[in-house]
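Engineer: Build the 3D model from these lines:
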Amino acid sequence: MATPSFLFFIFCIFLSISFSNGTQLILVNNCNQSVWPGILGGAGHDTPEDGGFHLSTGEEVVLNVPNGWSGRIWGRQGCCFDNNGKGSCETGDCAGLLHCKGMGGVPPATVVEMTFGTSKSALHYYDVSLVDGFNLPVAMIPVSGGVGCGVAACETDLNICCPSMFEVRRNGKVVGCKSACLAFKSAKYCCTGDYASPKSCKPTLFSHLFKAICPRAYSFAFDDSSSLRTCRAPRYVITFCPPTS
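Structural biologist: The predicted structure is shown next:
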């Protein structure tokens with residue numbers, strides 16, 4: 001029978017291998033309909049799965065990304081593609097392609113952003129952002145990250161309480177909720193021009209509304225203090241339509 005000290009030694013080796021080989025992302029579809037995750041690697045980084053794939057209800061897919069990887073993931077809904085991977089999505093569409101191949105999603109879309117460290121001492125940074133608006137709930141949760149690791153999430157369906165001026169409708173149904181930046185296209189709401197700094201760009205009535213409903217997500221560009229998470233976990237679970245707390 002293996003001794004406790006030996007089992008602990010094996011566990012440490014396992015963690016070391018996990019960290020040295022990069023980070024594992026487990027994408028889970030907990031929605032009652034299909035989701036087509038879109039993926040975009042940051043500048044100089046590869047994009048896994050050619051940037052997109054289909055995820056059935058209840059299905060999960062494991063992605064392995066290298067140390068130092070950065071990028072974003074979002075869920076697309078209401079998609080229809082032909083055998084050549086061409087078609088369209090009601091939300092988060094990337095030029096009508098199944099595989100986004102270096103293109104981002106058309107807002108509004110709930111975005112999961114992440115930057116992983118390159119050494120054992122470097123932290124992982126991640127967040128869920130509503131800066132580009134909202135289309136479906138999502139959460140990013142670290143696994144075996146230890147003390148101090150937080151959950152990034154917007155677990156509530158904002159489409160239900162979206163202000164009418166921000167609604168995006170398809171066939172009479174609200175499928176997305178624009179951000180104030182997307183709706184008004186002004187520097188004040190987009191934190192651009194004279195408002196392109198934390199000192200000049202402050203939360204607005206609309207960002208306060210989003211924040212009240214989804215306190216663990218970015219509500220505007222400089223919402224770092226309450227939204228940016230740090231950790232050093234070997235794997236993270238990204239769940240579309242996560243169970244509400």
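Engineer: Could you pull out the helices in this protein for me?
Structural biologist: Secondary structure of the chain (DSSP state H): helices at 4-20, 180-184, 187-190, 205-213.
Engineer: Tell me which other helices or strands the shortest one touches.
Structural biologist: Yep, that's helix 187-190 we're talking about. Secondary-structure packing of helix 187-190 (3 or more Cβ pairs under 8 Å, 6 or more residues apart in numbering; DSSP states H and E): helix 180-184. C-beta coordinates here come from the backbone N, C-alpha and C atoms, glycine included.
Engineer: repeat for the second one
Structural biologist: Contacts defined by 3+ Cβ pairs under 8 Å, 6+ apart place helix 180-184 against helix 187-190.
Engineer: how about the helix it packs on as CSV, C-alpha atoms only?
Structural biologist: Provided in CSV are the C-alpha atoms of helix 187-190 (Å, rounded to 0.1, in the frame of the first residue of the first chain):
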residue,chain,number,x,y,z
ALA,A,187,-16.6,58.6,-26.2
LYS,A,188,-18.1,58.9,-22.7
TYR,A,189,-19.6,55.5,-22.8
CYS,A,190,-16.8,53.8,-24.8
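Engineer: tell me how far that helix is from the chain's mean position?
Structural biologist: With Cα atoms, centre = their mean, to the nearest Å as the basis, helix 187-190 stands 22 Å off its chain's centre.
Engineer: what comes into contact with it?
Structural biologist: Residues outside helix 187-190 that contact it (Cβ atoms under 8 Å, 6 or more residues apart in numbering): 179-181, 183, 193-196, 201, 204, 206, 220-221.
Engineer: Poorly predicted segments of this structure, please.
Structural biologist: Within the chain, the ranges that satisfy pLDDT under 70 run 1-20, 119-121, 245.
Engineer: residue ranges of the strands in it, please?
Structural biologist: Secondary structure of the chain (DSSP state E): strands at 23-29, 36-41, 60-65, 70-76, 80-81, 87-88, 111-115, 124-129, 138-143, 152-154, 167-170, 173-177, 229-231, 235-240.
Engineer: The second one to strand 235-240, inter-axis angle?
Structural biologist: Going back to what we said before, that points to strand 36-41. Computed by axes from the mean of the first three to the mean of the last three Cα atoms, to 10 degrees, the angle separating strand 36-41 from strand 235-240 equals 130 degrees.
Engineer: from the chain's centre, how far out does strand 36-41 sit?
Structural biologist: Its chain's C-alpha centre and that of strand 36-41 lie 9 Å apart, by Cα atoms, centre = their mean.
Engineer: Also compute the angle for it relative to strand 70-76, please.
Structural biologist: Going by the same axes, to 10 degrees, strand 36-41 makes 160 degrees with strand 70-76.
Engineer: Quote the end-to-end distance of stretch 34-52.
Structural biologist: One end of stretch 34-52 sits 13 Å from the other (Cα to Cα, to the nearest Å).
Engineer: What's the PyMOL syntax to select whichever of the contacts of helix 187-190 are buried?
Structural biologist: In PyMOL, the members of the contacts of helix 187-190 classed as buried (16 or more other Cβ atoms under 10 Å) are selected with the following command:
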select buried, resi 179+180+181+183+195+201+204+206+220+221
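Engineer: is it possible to export the contacts of helix 187-190 to JSON lines including distance to Gly87?
Structural biologist: Shown next, in JSON lines, are these (distance: Cβ to Cβ, whole Å):
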{"residue": "Ser179", "distance to Gly87": "26"}
{"residue": "Ala180", "distance to Gly87": "30"}
{"residue": "Cys181", "distance to Gly87": "28"}
{"residue": "Ala183", "distance to Gly87": "27"}
{"residue": "Gly193", "distance to Gly87": "37"}
{"residue": "Asp194", "distance to Gly87": "41"}
{"residue": "Tyr195", "distance to Gly87": "38"}
{"residue": "Ala196", "distance to Gly87": "37"}
{"residue": "Cys201", "distance to Gly87": "37"}
{"residue": "Thr204", "distance to Gly87": "36"}
{"residue": "Phe206", "distance to Gly87": "32"}
{"residue": "Phe220", "distance to Gly87": "33"}
{"residue": "Ala221", "distance to Gly87": "32"}
